[in-house]
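Asker: next comes the sequence, and after it the predicted model I'd like to discuss.
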Amino acid sequence: MQEIFNRKKTVFIALLCLFLWAPVRANTIGYCDSLIKKGIDAMWEKEHVRSLELLTEARNLAEKNKWYKQQFLATNNIGANYYTILEYGEALHYYLESYNIALKELGPKYEMVVLNNIAILYSKEKNFIKAKEYFKKAYDIARENKDGPKIGMYAMNLGNLANEMDSPKEARDYILESFPYLKSDPQMLTLAQVGLADNDLLQGNARQAREKAMNLYKTAPNLNFNEIGTSLMLIITKSYLQENNYAMAIESGLKLLATKPNADNRKKVYGVLSTAYTKSGDHAEALRYKDSIVAAIEELEETKDKILLSSNEAKFRIQDYKNQLAINEEKSSAERSLFYFIIGGIVAVVAIILLILRNISVKLKQKKLIAEQNEKVIALELEKEKNENLLLEKQIREKETQALLEQERLRNEIEARNRKLSAKALYLSGRNELIEEVISSLSQVPALAGDRSLSGHIKTLKGHLKTDHEWDSFITHFEEVNHGFLNRLKNLHPSLNANDVRFISYVYMNLSTKEISSMLNITPEACRKRKERIAAKMELPEDVSLYDYLSNV
C-alpha cells in the first residue's frame, strides 16, 4: 500500500513541474533581453508597430521584476521609435521616464545617453535653448566620468548647435575640443570636420570652408552617413554665393540637385539658387526657384502628414495591443486560479484516499472536505464573474481611447493647416519682395523709362503685388483654423490695433523673428522691438514670453 502511494506521489510531482516550467521560462532576464533586441531590430527595419509591441512587453516584464537596466533600455527605445515617426511629445514622455530610471537606479552612463536623446529632440523642434541645456548636462557628466568618446560626441553636438544658433566662436571651441576624442571613430570625426567647415562659412571664410569641404568630400569614409555628402556640397555652394561667384554657385547647386537630396535639403538648395539667380540678374529663374521652395515645403508637409497618420495608426494598434495584454493577463490569472484549484482538488483527493487507507472512521471528515471544495467552486465562479466584469470595463476604456485618438487626429489636422497657412504667407512675402526688386531694377534704367511696352509690363508686375485683400484672405483662413482666437484676443486687449493683431497672428503661428521680419519688410531688430512693445502694451510679466501667453488665450 505504501509503495502504491509513493508511486502516485511521484507522478503528481512530475505533472506539477510540467505545468509550472513554461511560465518560469518566460519570466527570465534572458527572455526580456531577447524581446528588447528584437524590438530594436524591428525599429531599424522601420517596423515600428512590431517594435513597440516587443519593447512594451519587455518594459512591463522588467518593471514587474525590477530589472532596471532592461526597463531603461526598453523605455528609451520606445521613445526612439516615437522620435523616428515624428511623435515628439510621446518620445519626450518616454525619454523623461527612462531618464528618471537612470537617475534613481543606474548611474551616469545611462543618464548621458537619454540626455543626449532629449537634446536631439529639442534641436529637431528648433528649441535651441532647451537642446543646449540637455547637451550641456550630458557633456558635463561625460567629463566628470572621463568618458572620452562621449566627451567628443557631446562636444561636437554642442558645436553644431552653436553653429545653428549663430554663435560661431563658441561653436568652434567645442568642435576643436571634440577632435582628439573622436580619432578612433572616423565617421564621427568626419561629422565634426563638416561642422568646422560650416563654422568657417559662418565667420565669412568662404574659401577656407570650401577647401575643407572639397577635401572631406574626397576622403570621407561614408558620404551617406548622416547625409555628410549633401552637407558638404551645400557648404561648397554657399561659399561661392558668399564670394559673389554666382555662376559657380549655380553650377554647384545644380550638381547637388542632381544627387536627388531629400525635400528638406532641396528647399535649402532652391533658396541658394534663387538668391544666386536674383543677384546675377536672371529674375525669371530666380522666381522659378522661389516657387520650387514652396513646392518643397508642401512636399515636406505632405510627408509629415503621412507620417503623422501612420503614427496615429501605430498608437491605436499599440493601445489595442496593451489592452489585449491586459485581457490576456486577466485570462491567465483566471487560468492560474483554475489550475491551482485543480491541483488543490488533486491534493485533496490524494489526502482523502490516504485517510481512507489509514482509517475508515474518517468518513465524516471526508464529507466536510467535499463541502469545502464545493464552496471553493462557488468562490471560483464568483471570481470568474468578477473577471468578466473587469473585461467589460476594459472594453469601455478601449472605446474611450479611440475617442481620444480621434481628438488627436483633429488636433494634428489643425496644426497641418496652420503650417500650410504659414507656408502660404511666407511664399507671398518672398514673391512680392522679388517682384518689387525686379520693378526697382527696371525702373532704374533711364534708357527703358520711355518704352511704353516695358511700362505696360511693369504695370502688369505691379498688378501681381498683393495688397491688403491678401491679409483679409489670410485672416479669414486663420479664423477658420483657429476659431475665435482673434475675438478672444481683442476682448482681453482692446487697445491693440490692426498692425498689432497682424504681428500677433504671425507669433501665434510660431514663426521665427527672421520669418516675421521678412513678411513685414522690416529688420529682425525692429521685429524684436515690436514684439517687446506689444508685450508691454498687453502688460505681460517679464518672465512670460509672448508666444507662451498667446498659446493659452
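Answerer: Sure, I can see it. Residues are numbered from 1 along each chain as shown.

Asker: lowest confidence element among the helices and strands of this protein?
Answerer: Least confident helix or strand of the chain, by mean pLDDT, DSSP states H and E, is helix 2-25 with a mean of 46.

Asker: which residues does Val114 contact?
Answerer: Contacts for Val114 (Cβ atoms under 8 Å, 6 or more residues apart in numbering) come out as 72, 76, 79, 95, 98-99, 102. C-beta here means a position set from N, CA and C on the backbone, and glycine is covered the same way.

Asker: now, these that are in strands?
Answerer: Judged by DSSP state E, these include no members of strands.

Asker: and those residues, which two are furthest apart?
Answerer: Using Cβ to Cβ, those span at most 12.4 Å, a distance reached by Gly79 and Ala102.

Asker: of the two, which one has the most company?
Answerer: Neighbour totals were compared for Gly79 and Ala102, and Gly79 leads with 26 against 23 (other Cβ atoms under 10 Å).

Asker: check the gap between the more buried one and Ala171 for me.
Answerer: According to Cβ to Cβ, to the nearest Å, Gly79 and Ala171 sit 27 Å apart.

Asker: for the contacts of Val114, give me TSV that also has pLDDT.
Answerer: Shown next, in TSV, are the contacts of Val114 (pLDDT from 0 to 100):
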residue	pLDDT
Phe72	92
Asn76	92
Gly79	90
Tyr95	90
Ser98	91
Tyr99	90
Ala102	90
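
Asker: a markdown table for those residues, including distance to Arg488?
Answerer: Below are these laid out as a markdown table (distance: Cβ to Cβ, whole Å):
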| residue | distance to Arg488 |
| --- | --- |
| Phe72 | 44 |
| Asn76 | 40 |
| Gly79 | 35 |
| Tyr95 | 34 |
| Ser98 | 39 |
| Tyr99 | 37 |
| Ala102 | 42 |
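
Asker: and those residues, which of them are in helices?
Answerer: 72, 76, 79, 95, 98-99 (DSSP state H).

Asker: Ile378: which of these is nearest?
Answerer: Taking those together and measuring to Ile378 by Cβ to Cβ, the closest member is Phe72, at 45.6 Å.

Asker: next, count neighbours for that closest one.
Answerer: Phe72 has 24 neighbouring residues, counting by other Cβ under 10 Å.

Asker: contacts only, for it.
Answerer: 98, 101-102, 105-106, 110, 114.

Asker: Asp166 now?
Answerer: Applying Cβ under 8 Å, 6+ apart, the residues contacting Asp166 are Leu202.

Asker: phi, psi for it please.
Answerer: Main-chain torsions, Asp166, degrees, to the nearest 10: phi 60, psi 40.

Asker: what sits closest to Leu546 if chain neighbours are left out?
Answerer: Leaving aside its sequence neighbours, Leu546 sits nearest to Ala535 (Cβ to Cβ, 6 or more residues apart in numbering; 5.0 Å).

Asker: measure stretch 241-251 end to end?
Answerer: 11 Å (Cα to Cα, to the nearest Å).

Asker: go ahead and confirm Met165 touches Ala131.
Answerer: No - contact criterion Cβ atoms under 8 Å: Met165 and Ala131 do not qualify, at 9.1 Å.

Asker: so which of the two has more stuff around it?
Answerer: The residue with more neighbours, out of Met165 and Ala131, is Ala131; 23 against 14, by other Cβ under 10 Å.

Asker: ok, now how distant is that one from Lys137?
Answerer: Ala131 sits 11 Å away from Lys137, taking Cβ to Cβ as the criterion.

Asker: what residue ranges in the stretch 1-150 of the chain score low on pLDDT?
Answerer: The model of the stretch 1-150 of the chain has pLDDT under 70 over residues 1-26.

Asker: go on, the chain?
Answerer: For the chain (pLDDT under 70), the answer is 1-26, 294-340, 411, 414-434, 436, 442, 447-450, 452, 462-472.

Asker: rewinding a little: give me phi/psi at the residue nearest to Leu546?
Answerer: Torsion angles, degrees, to the nearest 10, at Ala535: phi -60, psi -40.

Asker: could you do Leu540 as well?
Answerer: For Leu540, the backbone dihedrals (degrees, to the nearest 10) come out as phi -80, psi 140.

Asker: start the count at 59 instead of 1 going forward.
Answerer: Got it, the first residue is 59 from now on, which makes the last one we talked about Leu598.

Asker: hang on, it packs against Leu608?
Answerer: No - taking Cβ under 8 Å as the definition, Leu598 is not a contact partner of Leu608, at 9.9 Å.

Asker: how near is Tyr298 to Tyr192?
Answerer: 36 Å.

Asker: next one: Val602
Answerer: Per Cβ to Cβ, Val602 is found 23 Å from Tyr192.

Asker: out of the two, which sits in the more crowded spot?
Answerer: A direct count of neighbours by other Cβ under 10 Å for Val602 and Tyr192 places Tyr192 higher, at 23 against 12.

Asker: ok, and the closest non-adjacent residue to the more buried one?
Answerer: Residue nearest to Tyr192 in three dimensions, not counting chain neighbours: Ala177, with 3.7 Å by Cβ to Cβ, 6+ apart.

Asker: might you report the residue contacts of that neighbour?
Answerer: Applying Cβ under 8 Å, 6+ apart, the residues near Ala177 are 188-193, 196, 215, 219.

Asker: and if we set it to 6 Å?
Answerer: Going by Cβ atoms under 6 Å, 6 or more residues apart in numbering, Ala177 touches 189, 192-193.

Asker: can you pull the contacts of His101?
Answerer: His isn't right for residue 101; it's Met. Per Cβ under 6 Å, 6+ apart, neighbours of Met101: 109, 139.

Asker: in the strand or helix carrying it, which residues are buried?
Answerer: Using DSSP states H and E, Met101 maps to helix 87-102. Within helix 87-102, the residues that count as buried by 16 or more other Cβ atoms under 10 Å are 90-91, 93-94, 96-98, 100-101.

Asker: what angle separates the helix or strand following it from helix 87-102?
Answerer: Following helix 87-102 in sequence order, the next helix or strand is helix 106-123 (DSSP H and E). Angle, helix 106-123 to helix 87-102, by axes from the mean of the first three to the mean of the last three Cα atoms, to 10 degrees: 150 degrees.

Asker: which elements pack onto helix 106-123?
Answerer: Where contact means 3 or more Cβ pairs under 6 Å, 6 or more residues apart in numbering; DSSP states H and E, helix 106-123 is packed against helix 87-102, helix 126-142, helix 341-416.

Asker: from Ser156, how far off is the closest residue to Glu155 other than its chain neighbours?
Answerer: Nearest residue to Glu155 in three dimensions, chain neighbours excluded: Thr133, at 5.3 Å (Cβ to Cβ, 6+ apart). Plainly put, Thr133 is 4 Å away from Ser156 if you go by Cβ to Cβ.
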